[in-house]
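Student: A structural model of the following input is requested.
(one chain, ligands or ions: 1)
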Amino acid sequence: MALSSNPRVGLVGWRGMVGSVLMDRMQAEGDFALIEPVFFSTSNVGGALPAAIASFAKNETTLKDANDIAALKACDVIITCQGGDYTKAVYPPLRAAGWKGYWIDAAKTLRMENDAVIILDPVNMPVIKNALSKGVKNYIGGNCTVSCMLMGLGALFKADLVEWMTATTYQAASGGGAQHMRELLTQYGTLNAAVRPLLDNPASAILDIDRQIAATQRGLSAEETKNFMVPLGGSLIPWIDSDRGDGTSLEEWKGGAETNKILGRGPGFGTEAVPIDSTCVRVGAMRCHSQSLAIKLKKDVPLADLEALIQSDNEWVSYVPNNRMDTVKGLTPVAVTGTMNVAVGRVRKLALGPQYLGAFTIGDQLLWGAAEPLRRMLRILLAD
Ligand code: NAP
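Tutor: Numbers count the residues shown, from 1 in each chain. From the prediction side, this is the model:
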């Protein structure tokens, strides 16, 4: 179905972490000029558009009810960053009501459905184009960690060089959403306040500071740990998302399942899946998901050839030479956050043997891992 010019595009979840970044990017890329934006809300129905988005509006100037199926049905495209519970509640009745529009979603709910494509067009444009030609209407953003990894190392998969891969991830607080980011900063503030007098005194004993911090972390209130359940400031949490009951987290499962689906691999596509195993860890970074990877290659390829392959895959790969100074300057969340670059570094052959490659990737998960594939999908529809 070709879109009419100036299609009605419903935007749900524009106030959240992903949604705010999406609004920024759509504005920066001039997307609003090509659409009639319709803003929805679950918490301020009927309210005037807040200043942050008011300038993007054309004819629609108040917030519509995000649970109103008739209002949603009037849209040609819906882009939602509202979350999985919203998708579960609204998507089935909307389709049941006969809506034939395009559903573009950041949530995981529909990702593995047969009638949905996981979108990451610099990596899987052929999969997206094939689905469009078959009339597929659901285009879902991938898991943030998976998308950032594939933007960095997609070249190795495209060249069919990967026999298997293991990842240890270092995922930022913002991966959980706006409230999680606030909670992390609140915790850091509480920790700093607890030792401020000791820090101000150069003669204070470091073990006193250390003991005070540990006691404060352990004593954080339920309110201060409402989102992460335990302290994250000055700590880490080696479990993300739900418990699958087999010793793995849902986040870890996504690493294998979604990577293969994005690439159009696995039994659903009549090919063998690439085995991918992960340990997913939440760390006290604000933005950016990082991961340390060990890759078994199908054959021994010279390191220089692998480096050239990775660097030439797409314009956003920012290759960091494997030395100390380039790494500490360029391969950190602070260096990458807020940019479209996906940094790839620490690329080296491992002591395990010539077919084993190590690498470290960092991407701003709110950009390539969430908002950017959604707005690019809208552009693909507009160009179709
Ligand atoms: P979020 O920040 O929690 O926002 C979701 C909704 O929460 C907002 O649209 C807003 O809805 C409501 N909200 C309540 N209090 C808020 C506050 N203080 N500030 C802003 N919004 C608030 O969630 P998110 O991280 O954007 O995630 C949205 C979806 O994208 C989820 O399905 C998530 O799994 C997925 N995703 C997230 C990331 C990531 O890195 N965060 C990456 C990939 C995919 P109302 O305006 O209607 O009240």
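Student: what's the closest residue to N59 other than its chain neighbours in contact with, if anything?
Tutor: Counting by C-beta to C-beta, 6 or more residues apart in numbering, E36 is the residue found nearest to N59 once chain neighbours are left out, at 6.5 Å. Any C-beta I mention is one placed from the backbone N, CA and C, and that applies to glycine too. Going by C-beta atoms under 8 Å, 6 or more residues apart in numbering, E36 touches N6, P7, R8, V9, K58, N59, E60.
Student: Can you tell me the element N6 falls in?
Tutor: For N6, there is no host helix or strand (DSSP states H and E).
Student: Can you get me a residue count around it?
Tutor: 14 (other C-beta atoms under 10 Å).
Student: Not counting its neighbours along the chain, what's nearest the one residue in the stretch 151-300 of the chain that gets nearest to the ligand?
Tutor: Of all residues in the stretch 151-300 of the chain, the one sitting closest to the ligand is G177 (2.9 Å; C-beta to the nearest ligand atom). Leaving aside its chain neighbours, G177 sits nearest to M17 (4.9 Å; criterion: C-beta to C-beta, 6+ apart).
Student: Pull the number of nearby residues for that neighbour.
Tutor: As a burial measure, M17 scores 24 neighbours (other C-beta under 10 Å).
Student: what ranges do the strands span in the stretch 101-250 of the chain?
Tutor: 102-105, 116-119, 138-141, 162-171, 236-237 (DSSP state E, counting those that start in this stretch).
Student: Can you lay out those strands as CSV showing distance to the ligand and mean pLDDT?
Tutor: Listed next are these as CSV, based on distance: least, C-beta to the nearest ligand atom, whole Å; pLDDT from 0 to 100:
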stretch, distance to the ligand, mean pLDDT
strand 102-105, 8, 98
strand 116-119, 11, 96
strand 138-141, 6, 98
strand 162-171, 8, 98
strand 236-237, 15, 98
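Student: In JSON lines: those, plus mean neighbour count.
Tutor: Converted to JSON lines, the strands of the stretch 101-250 of the chain look like this (neighbours: other C-beta atoms under 10 Å):
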{"stretch": "strand 102-105", "mean neighbour count": "25"}
{"stretch": "strand 116-119", "mean neighbour count": "25"}
{"stretch": "strand 138-141", "mean neighbour count": "25"}
{"stretch": "strand 162-171", "mean neighbour count": "20"}
{"stretch": "strand 236-237", "mean neighbour count": "14"}
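Student: Columns distance to L185 on top of these, output as a markdown table?
Tutor: Below are the strands of the stretch 101-250 of the chain laid out as a markdown table (distance: least, C-beta to C-beta, whole Å):
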| stretch | distance to L185 |
| --- | --- |
| strand 102-105 | 28 |
| strand 116-119 | 31 |
| strand 138-141 | 26 |
| strand 162-171 | 17 |
| strand 236-237 | 16 |
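Student: Could you check which residue of the protein lies nearest the ligand?
Tutor: Closest point on the chain to the ligand, by C-beta to the nearest ligand atom, is G16, at 2.1 Å.
Student: how about the residue nearest to N59, phi and psi?
Tutor: Here is the backbone geometry of E36 (degrees, to the nearest 10): phi -100, psi 100.
Student: Likewise for the one 10 residues further on?
Tutor: Per-residue torsions, G46: phi 90, psi -10 (degrees, to the nearest 10).
Student: how far does stretch 361-374 stretch from start to finish?
Tutor: With C-alpha to C-alpha, to the nearest Å as the measure, stretch 361-374 spans 22 Å from end to end.
Student: and that stretch, what's its mean pLDDT?
Tutor: Mean per-residue pLDDT for stretch 361-374: 97.
Student: List the residues that contact the closest residue to R287 other than its chain neighbours.
Tutor: Excluding its sequence neighbours, the residue lying closest to R287 (C-beta to C-beta, 6+ apart) is T337, at 4.4 Å. Contacts for T337 (C-beta under 8 Å, 6+ apart) come out as M286, R287, C288, D364.
Student: swap the cut-off to 10 Å and go again
Tutor: Neighbouring residues of T337 by C-beta atoms under 10 Å, 6 or more residues apart in numbering: A172, S174, A285, M286, R287, C288, I362, G363, D364, Q365, L366, L367.
Student: Tell me how far the second one lies from R265.
Tutor: When distance is defined by C-beta to C-beta, to the nearest Å, S174 is 30 Å away from R265.
Student: Have a look at the two and say which one is more surrounded.
Tutor: S174 (24 against 18).
Student: in terms of contact, does that one touch H289 like I think?
Tutor: Yes - shown here, S174 and H289 form a contact pair, counting by C-beta atoms under 10 Å, at 9.3 Å.
Student: what's the burial count for G256?
Tutor: G256: 21 neighbours (other C-beta under 10 Å).
Student: ok, and the closest non-adjacent residue to it?
Tutor: Per C-beta to C-beta, 6+ apart, closest to G256 is I276, 4.0 Å.
Student: The one you found and L153 touch, don't they?
Tutor: No - using C-beta under 10 Å, I276 is not in contact with L153, being 11.4 Å away.
Student: where does the stretch 251-384 of the chain have low pLDDT?
Tutor: The model of the stretch 251-384 of the chain has no residue with pLDDT under 70.
Student: those helices in it, which residues are they?
Tutor: 303-311, 324-330, 333-336, 372-383 (DSSP state H, counting those that start in this stretch).
Student: Would you tell me which residues of the chain are close to the ligand?
Tutor: Contacts of the chain with the ligand, taken as C-beta under 6 Å from any ligand atom, map to 13, 15-19, 41-43, 81-84, 106-107, 141, 144, 174-175, 177-179, 365-366, 369-370.
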